[in-house]
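1. structure for this input, please:
(chains A and B)
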2 protein chains.
Amino acid sequence: MVETSLRRLSERLGYHFHDTGLLKQALTHRSVGDTNNERLEFLGDAVLSVVIADYLFREYPEASEGELTRLRASLVKGSTLAEVARHLEIGHCLILGGGEMKSGGHRRSSTLSDALEAIVGAIFLESGLDVCRERIIDWFGMLLDSPLDAGNKDAKTRLQEHLQGRGMALPLYEVVATEGDPHNQVFTVACQVPGIGEPARGKASSRKKAEKMAAELALKILQDKSDE
Amino acid sequence: MVETSLRRLSERLGYHFHDTGLLKQALTHRSVGDTNNERLEFLGDAVLSVVIADYLFREYPEASEGELTRLRASLVKGSTLAEVARHLEIGHCLILGGGEMKSGGHRRSSTLSDALEAIVGAIFLESGLDVCRERIIDWFGMLLDSPLDAGNKDAKTRLQEHLQGRGMALPLYEVVATEGDPHNQVFTVACQVPGIGEPARGKASSRKKAEKMAAELALKILQDKSDE
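-> Now for the predicted structure:
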């Protein structure tokens, strides 16, 4: 029964552990005892962080360090990780102590996000960084296409609301450059908004992402202006 | 002239960049302009963090998540990174803006530690995690043998001072177990100190490290007691 549910979890994760004991440890909450997932979580947290950093570094060639830091924070925060863990249905496979189980630990966001990090740590120990990268990018899926939306409204929506709230005209987006090979293109989008002078620009591997970056920048310029 | 100094830096780093431009970018402070080392630093910071996390995870099989976190913090903090950067003589290779150069940016700890992280990021882009791991472990050298000492006194020294300050007998260290193959041994050390009941235990890949962990734990027990 337990083995069946672990096998199904492996299928959802897209990764089959050589050492099932390692997967079990990754699912074991500290309420069970001394052998739990906390050390794996420590390792997995760092692995997740470098995979996301590397992904964003490559995906957003024009983003500043500050923007990259903000994008990463929105992806690795607890609520986003818990969302991914729920999507992977990790909850009912968790191994919890009695009290923790009664108080609904299976559904607790912090418990879910810790277990997800521990699973990443366990995969890293068995199979290294490249396999972790592949799995994380698969699990995060859509969230990576729009990291700014993770838990927030889309930057384009926020910009539109900001402008409408002030009775201003809506933004105009335009692709002003496309570079690179057909399979490795970089799009530059200009976002024209009344009152910011030069259009705000975003550059990314898809038109949609570039529009969001441009909207994000336009919003920042507008907010800086209103702070003056 | 510049090329000679970069070649010598590569020798000290133990890594020769295929793309010298990448090394130059890693050495370029933001005071120079838009093309600087900040994005590489963002990436390198995450790489450094995962390499140290992985090293400590393997090296201290009995350390708790909290202990691992504390050990890592002592190794990746700015002052430790600056120490490593000074040892590698990165300072005189830095590319700084005029004002920054005049105000002694070559010797500034934050500038040195940022450049070291950026170099890690650049090596990661060219050669991946395994090469980074090898370089980082080589650069950190002795610091990894005694992470708790990075910028602090050795835990054994601190324990001794704590006991002497209170007129108490000195601690006794004893190896109580040795496990594993000759090339992959794990030592358990017991540290007996008056007033803590059971001896404090440390377990690590060398006797010295295990003694330090035991001393650290004994100190913690003594401090918790005095807080009661």
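2. ramachandran angles for A:Glu174?
-> phi -150, psi 130 (degrees, to the nearest 10).
3. burial check on it, number of neighbours?
-> A:Glu174 has 12 neighbours, counted by other Cβ atoms under 10 Å in any protein chain shown. Where you see a C-beta, it was placed from the backbone N, CA and C, and this is true even at glycine.
4. bridging residues for it?
-> A:Ala190 (DSSP bridges).
5. I'd say it and A:Val189 touch.
-> Yes - using Cβ atoms under 8 Å, A:Glu174 is in contact with A:Val189, at 6.7 Å.
6. which residues of chain A lie near chain B?
-> A:38-39, A:41-43, A:45-47, A:49-50, A:53-54, A:57, A:63-65, A:68-69, A:121, A:124, A:128-129 (Cβ under 8 Å from any Cβ of the partner chain).
7. report the contact partners of the nearest residue to A:Val32 once chain neighbours are set aside.
-> Nearest non-adjacent residue to A:Val32, counting by Cβ to Cβ, 6 or more residues apart in numbering or on different chains: A:Gly97, 5.0 Å away. By Cβ atoms under 8 Å, 6 or more residues apart in numbering or on different chains, A:Gly97 lies in contact with A:29, A:31-33.
8. how far away is A:Gly97 from chain B?
-> 17 Å (Cβ to the nearest Cβ, to the nearest Å).
9. what does the model give that residue for pLDDT?
-> Per-residue pLDDT puts A:Gly97 at 93.
10. thinking again about what came up before, scan the contacts of A:Gly97 and report the most crowded one.
-> Within the contacts of A:Gly97, neighbour counts (other Cβ under 10 Å) peak at A:His29, which reaches 22 neighbours.
11. that residue reaches A:Ser103, doesn't it?
-> No - A:His29 sits out of contact with A:Ser103 when judged by Cβ under 8 Å, with a separation of 11.4 Å.
12. can you pull out the helices in chain A?
-> Under the criterion DSSP state H, helices of chain A are mapped to A:2-13, A:20-26, A:38-59, A:65-76, A:78-87, A:98-102, A:109-140, A:142-145, A:155-165, A:207-227.
13. now find how far off-centre the shortest one is within its chain.
-> Put plainly, it is helix A:142-145. 7 Å (Cα atoms, centre = their mean, to the nearest Å).
14. then the last one?
-> In terms of Cα atoms, centre = their mean, the centre of helix A:207-227 is set 20 Å apart from its chain centre.
15. buried ones in it?
-> A:207-219, A:221-222 (16 or more other Cβ atoms under 10 Å in any protein chain shown).
16. now, which of these sits nearest B:Ala155?
-> A:Glu216 (46.5 Å; Cβ to Cβ).
17. quick check: closest non-adjacent residue to that closest one.
-> Once flanking residues are discounted, A:Glu216 sits nearest to A:Ala155: 4.2 Å by Cβ to Cβ, 6+ apart.
18. if I look at A:Arg86, how far off is chain B?
-> Taken as Cβ to the nearest Cβ, the span from A:Arg86 to chain B is 23 Å.
19. tally of neighbours for the closest residue to that residue other than its chain neighbours?
-> Excluding its sequence neighbours, the residue lying closest to A:Arg86 (Cβ to Cβ, 6+ apart) is A:Leu112, at 6.5 Å. A:Leu112 has 23 neighbouring residues, counting by other Cβ under 10 Å.
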